[in-house]
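Participant: Sharing a sequence plus its predicted fold:
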Amino acid sequence: MVAEIKRLPGQTDEDSTVRPRTRKAPRRTIDAQAILRTSAGEELLADLRDASIHGCNVVVSGPAPRMGSFVSLRIGAARPVQGVVRWTREATAGIEFLRPLGADLEEWMDLIGGSGGW
C-alpha cells in the first residue's frame, strides 16, 4: 500500500528537505572548554558551543569522533558526562548524553542555566 503525502498550503519542494526539530529541551549558547575522551582513550580539547540537559555541540581540536561512537566530556573538576556522537561535520560534533544532566552536575547546570526546565 502506498499513501500519498500531501503538502501543507504554501509548502514547496525545498521545504521537504528541512529536517524536523526533534530537540527535547532548548539549547543554551555557551562558551566553555571541556576534555572529550573517545572510547579508544584519545583525549581532545573541545569547545562547547551550545548545550541542554540532553546534549551538546562541540568543536574539537582534531577530527571529530565517528558518528555512533561513545565519548565522555569533562569540564573543570566535574565528573565526566557520557554521551554518543549523533552527527559530525568536520571538527564539529553533536553529542547526545546517555542520561539527562541532573542537579548533581553543578558545573554543567551552571553552564546551561540552572534546572534545565526552561
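Facilitator: Yes, it's here.

Participant: In the protein, where's the longest strand?
Facilitator: Under DSSP state E, the strand in the chain containing the largest number of residues is strand 28-38.

Participant: That one: what's the following helix or strand?
Facilitator: Sequence order places strand 43-51 as the next helix or strand after strand 28-38, per DSSP states H and E.

Participant: Give the buried residues for that next one.
Facilitator: 44, 46-51 (16 or more other Cβ atoms under 10 Å). Where you see a C-beta, it was placed from the backbone N, CA and C, and this is true even at glycine.

Participant: and that strand, which strands flank it?
Facilitator: Strand partners for strand 43-51, identified by DSSP bridges, are recorded as strand 28-38 (antiparallel), strand 55-60 (antiparallel).

Participant: Need the residues that contact the shortest one.
Facilitator: The one in question is strand 55-60. Strand 55-60 is contacted from outside by 27, 34, 36, 44-51, 73, 83, 86, 91-97, using Cβ atoms under 8 Å, 6 or more residues apart in numbering.

Participant: one more time with 7 Å, if that's ok
Facilitator: Residues outside strand 55-60 that contact it (Cβ atoms under 7 Å, 6 or more residues apart in numbering): 36, 44, 46-50, 83, 91-97.

Participant: State the distance spanning the first to the last residue of stretch 89-105.
Facilitator: Using Cα to Cα, to the nearest Å, one end of stretch 89-105 lies 28 Å from the other.

Participant: What is the lowest-mean-pLDDT helix or strand in the chain packed up against?
Facilitator: One helix or strand of the chain scores below all others by mean pLDDT, DSSP states H and E: helix 106-112, with a mean of 84. If you count contacts as 3 or more Cβ pairs under 7 Å, 6 or more residues apart in numbering; DSSP states H and E, helix 106-112 packs onto strand 28-38.

Participant: Cool, thanks, talk later.
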